[in-house]
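> I'll drop the sequence and a predicted model, then ask my questions.
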Amino acid sequence: MKKEKTVDEAIQSTDNLTADDFQKALRPIASLIRKSEKAQQKLAPGTWQHSMLRNNLKALHIACALMNKETDDMDNFTRDDLQEALRAFASMISKAEKSQAKFSPGTSQHTLQRNRLQSLRIASAFIKKSLRKT
């Protein structure tokens, strides 16, 4: 089994990303945002699924802003926002890992989940990095 990176290793790895790495990481995040927005429209407000998607979308938007350097970390987000986003990412990562395990390596579904996981982990590291600055 693959060893999980420490928080410091994850944060440090974001410093070594190239512009191409950023684009590759942002694509699955943008895809998740689009899919989540479509799914949320089909759910009744007040349900746990609607609330979960709302929280996940907020976390994904925060991560995109941080990764695109659209904000100076804390300008638009409170420490609580970042902590909630980190919790949402932990949940999304866990679900993607479970989903990936169901698919055979080499299949398109397995590859999709692998790419999604990599992007979610990078985004999570950006949020952790922002939390460290506060």
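That came in fine, so what should we check first? Residues are numbered from 1 along each chain as shown.

> Work out which residue lies at the spatial centre of the protein.
Against the mean C-alpha coordinate of the chain, by CA atoms, centre = their mean, the closest residue is L120 at 3.4 Å.

> What residues of stretch 48-65 count as buried?
H50, M52, L53, N56, L57, A59, L60, I62, A63, C64, A65 (16 or more other CB atoms under 10 Å). No exception for glycine: its C-beta is placed from N, CA and C like everyone else's.

> Hmm, I typed the wrong one, I wanted stretch 89-101.
So for stretch 89-101, counting by 16+ other CB under 10 Å, buried means F89, M92, I93, A96, Q100.

> Test my guess that the last one contacts L117.
Going back to what we said before, that points to Q100. Yes. Taking contacts as CB atoms under 8 Å, Q100 lies within contact range of L117: 6.5 Å.

> sec struct for the residue of the chain positioned farthest from its centre, please.
Relative to the centre of the chain, the most outlying C-alpha is that of A44, 24.1 Å out, by CA atoms, centre = their mean. Using DSSP: H, G, I helix; E, B strand; the rest coil, the structure places A44 in coil.

> In which helix or strand does the residue lying closest to it once chain neighbours are set aside reside?
Using CB to CB, 6 or more residues apart in numbering and skipping the chain neighbours, the partner closest in space to A44 is H50 (6.3 Å). In this structure, H50 sits in helix 48-67 according to DSSP states H and E.

> Show me the contact partners of the helix or strand immediately after that helix in the chain.
The helix or strand immediately downstream of helix 48-67 is helix 79-101, counting by DSSP H and E. With contacts defined as CB atoms under 8 Å, 6 or more residues apart in numbering, helix 79-101 is touched by 32, 55-56, 58-59, 62-63, 77, 110, 113-114, 116-117, 120-121, 123-124, 127-128, 130-131, 134.
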